[in-house]
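Novice: I need the structure of the sequence given here:
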Amino acid sequence: MAGLAQQAVLDFYTYPPVGGDDWRYVFQTAQVRAFETQMLAKSTLLDMANAPSFRQAAELLNGTEYTLPQGGRNFSEIEDVLQQRRTAVRELFAQLMLDKPLVELFRTRDDFANLRLAVRRTLTQKPVGVDYSSDGNVPAERIEQLFAEEDEFSRPVFPDYVRDAVERAVLAYYQSKDVRQIDYAIDQCQTEYNLGKARKLNSVFLLGLFRIQTDLTNIRTMLRLKFTESEQHNVFLKGGFIELERFIHGIELGYEALGPLFFVTPYHRIVETGAAYLASNKSFLKVEQQCEEHLTGYLKSTVQVTAGPQSIMAFLLMKENEIRTVRLILTAKKSNLDTKLILDRIS
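Specialist: Below is the predicted model:
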């Protein structure tokens, strides 16, 4: 324990630096600042969560960009509106971003997500879903051909990161026939790719973002392995700020000891709050909320940049999170979930 406490030596207290100004983005940054003022207020989301019914929660979106067509209040119409808003913000991001390699990097998120569906469905021979995203670099219709034409797959049609992810996922699955190994393998591949790209692009902000995301994923993994009493300890992602030994050690400790274990890290509150809620409620709602809040705090710290791509990337991620939160609340209301559970997840 004492040895671990001495290993995490970071040059920041809560968030890593976001990088300096890039004056090519003066106009784009000003636009994003204006768009940020139009985002839903926290009070609006809380009012939606506290609304007595699904219909009343949906009505609180009137006058916003999520306003439904006149008379429409069914969930399929809401899903269409949310999908349109996500498509619009991604198109805006691509228009504002002067450095196109950054646009391609963010599109790989959908490529990796599509790969998870394709590999899972093919290896397990189960229809786990064909709802592929069309926002990646690789066309959705090409994803389905990953295993259909082996000779075609061996040709340089797919990016290297796609071939690498598929090969590693297939190998990991057949070593134990555990479908979860597919996700672990693709997650590690995506993490390595993201960190490598951030360094190649010399982006301080992206490097900090991806390392934070890696740590947060490892925190979730630690708590899930602990809760399920799993013996798998080799599934943590490399590349974060926190050494893997700390997460492995956390699996062996009681929930009350996890907070002190992470006291010297920026994630003390996340782990302590999430572990306590998990122990008492048998739910991961609070750790998800805490992870989301921490990441949003880092995105908001880009306000210190007068001009630069950091603000545009942060706006995209915050806007996507807003869309997910609206969907989460309305889905919960449609399913008549307890208001307390919704509030625990979003606040």
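
Novice: got the domain boundaries for the protein?
Specialist: 2-99+201-346, 100-200 (automatic domain parsing).

Novice: show me what the helix or strand encompassing Asn114 is packed against.
Specialist: Using DSSP states H and E, Asn114 sits within helix 100-124. Packed against helix 100-124 by the contact rule (3 or more CB pairs under 8 Å, 6 or more residues apart in numbering; DSSP states H and E) you find helix 75-96, helix 140-143, helix 160-176, helix 180-200, helix 309-334. In short, each C-beta sits where N, CA and C put it, glycine included.

Novice: what about dumping the CA coordinates of the third one to PDB?
Specialist: Just to be clear, that refers to helix 160-176. The C-alpha trace of helix 160-176 is given here as PDB (Å, rounded to 0.1, in the frame of the first residue of the first chain):
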ATOM      1  CA  ASP A 160      -4.500  -0.800 -40.400                       C
ATOM      2  CA  TYR A 161      -6.300  -0.100 -37.100                       C
ATOM      3  CA  VAL A 162      -9.300  -2.000 -38.400                       C
ATOM      4  CA  ARG A 163      -7.300  -5.100 -39.400                       C
ATOM      5  CA  ASP A 164      -5.300  -5.000 -36.200                       C
ATOM      6  CA  ALA A 165      -8.400  -4.700 -34.000                       C
ATOM      7  CA  VAL A 166     -10.100  -7.600 -35.800                       C
ATOM      8  CA  GLU A 167      -7.100  -9.900 -35.600                       C
ATOM      9  CA  ARG A 168      -6.500  -9.200 -31.900                       C
ATOM     10  CA  ALA A 169     -10.200  -9.600 -31.000                       C
ATOM     11  CA  VAL A 170     -10.500 -13.000 -32.900                       C
ATOM     12  CA  LEU A 171      -7.300 -14.300 -31.200                       C
ATOM     13  CA  ALA A 172      -8.400 -13.200 -27.800                       C
ATOM     14  CA  TYR A 173     -11.800 -14.800 -28.200                       C
ATOM     15  CA  TYR A 174     -10.500 -18.200 -29.300                       C
ATOM     16  CA  GLN A 175      -8.100 -18.400 -26.400                       C
ATOM     17  CA  SER A 176     -10.900 -18.700 -23.900                       C
END
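
Novice: now the most centrally placed residue in the chain: phi and psi?
Specialist: The centroid of the chain falls nearest to Gln213 when counting by CA atoms, centre = their mean (7.3 Å). Backbone torsions of Gln213, given as degrees, to the nearest 10, read phi -60, psi -40.

Novice: which residues touch it?
Specialist: Shown in contact with Gln213 (CB atoms under 8 Å, 6 or more residues apart in numbering): 191, 194, 295.

Novice: looking at the residues you listed, which has the most residues close by?
Specialist: Comparing these by number of neighbours (other CB atoms under 10 Å), Asn194 comes first, having 24 neighbours.

Novice: how about that residue: what's its closest non-neighbour residue?
Specialist: Spatial nearest neighbour of Asn194, excluding adjacent residues (CB to CB, 6 or more residues apart in numbering): Phe210 at 4.4 Å.
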